[in-house]
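Student: Dropping a prediction and its sequence here:
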Amino acid sequence: MIGFPSYLLNSLLYAVLAVYFWRAGWHWSAEVGARTTRTRILEQLALAAPLTLHAILLYHTTWHTYGLNFGISDALSAIAWLSLFIYWLAGMRYPMAGMLALALPIAAVCAILPALLPDSRVIPHSDLPLFKIHLSISMLAYALLGIAALHAMLMALVERRLHKKTLPANVHGLPPLLCMERLLFQVITVGFLLLTLTMISGMLFSEELFHQPLEFNHKTVFAILSWGIFAALLGGRRLYGWRGRLAIRWTLTGFVMLLLAYLGSRLVLEIILHRY
């Protein structure tokens, strides 16, 4: 029987792993450089356990035969799961301890939110195949651009330390800054493509259901602003070689707009105005 103890266990497992990866990736720098393949495999297996439990809990909470139950707490939990899953996949090839040290505490909080803030309402029209496709693409886009935001914050930290010439031992487990920047733009590119597909599928769904492709509200405005910011960032990178702090600022601004587009509107409607 799935209940609050399962969500609490999932959150605690993430928290324990957050402490481990924080120390392994940030404080035990000498050991990070000497981590064996066996150690990395064990870390991957350890992370797979709470990821699997989290996936089961998400399925139990959100997916029903009569539609989707997807409130703000479920959305945050799903984004956290997708972000960690992508890091888990990347960890098979790259040293990701530093990134996991940032992502796992967030996941520990988000994983327990559906139990603390349950939402039993089913999303209207969520039994339609087109809507399910739209939702799946949008969650992937949110997860990837969320990873880009975390990545940008970590880059900002490393760059600040480099400029002060006080590079601490806690960043030696990370890839070089140029490699991190290249990875950042790879993630943003894929996330931007998925965000574009999200907007297109959303317009198709709106056209099919409401006979109008766009409804100009705050959600639409913030989504378009986010899309425009990421489009300008990728264009500036290609045409003018944008990088460094400029790229970090644009990345974080674009993600804030994206959060306001969905999570901000859901927060206002569900928690403040009690409209569903």
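Tutor: Yep, it's here.
Student: burial count for Phe85?
Tutor: Residues near Phe85, counting by other CB atoms under 10 Å, number 16. For the C-beta atoms, the positions are set from N, CA and C on the backbone; glycine is no exception.
Student: Name the helix or strand for the nearest residue to it once chain neighbours are set aside, please.
Tutor: Spatial nearest neighbour of Phe85, excluding adjacent residues (CB to CB, 6 or more residues apart in numbering): Leu51 at 6.1 Å. Under the criterion of DSSP states H and E, Leu51 resides in helix 37-62.
Student: Counting by contacts, list what the helix or strand hosting Gly202 packs against.
Tutor: Counting by DSSP H and E, the element that carries Gly202 is helix 177-210. With contacts taken as 3 or more CB pairs under 8 Å, 6 or more residues apart in numbering; DSSP states H and E, helix 177-210 sits against helix 129-163, helix 218-240, helix 244-259.
Student: Between helix 177-210 and the second one, find me the angle.
Tutor: What separates the directions of helix 218-240 and helix 177-210 is an angle of 140 degrees, with axes from the mean of the first three to the mean of the last three CA atoms, to 10 degrees.
Student: and if you look at the shortest one?
Tutor: With the same axes, to 10 degrees as the basis, helix 244-259 and helix 177-210 are set at 20 degrees to each other.
Student: elements contacting helix 244-259?
Tutor: Packing contacts for helix 244-259, counted by 3+ CB pairs under 8 Å, 6+ apart, involve helix 129-163, helix 177-210, helix 218-240.
Student: run the last query once more with 7 Å
Tutor: Where contact means 3 or more CB pairs under 7 Å, 6 or more residues apart in numbering; DSSP states H and E, helix 244-259 is packed against helix 129-163, helix 218-240.
Student: Ok, the first one next?
Tutor: Helices and strands in packing contact with helix 129-163 are listed as helix 72-90, helix 97-116, helix 177-210, helix 244-259; criterion 3+ CB pairs under 7 Å, 6+ apart.
Student: now for these, which one comes closest to Arg237?
Tutor: Between Arg237 and these, the tightest spacing by CB to CB is seen for helix 177-210, at 6.0 Å.
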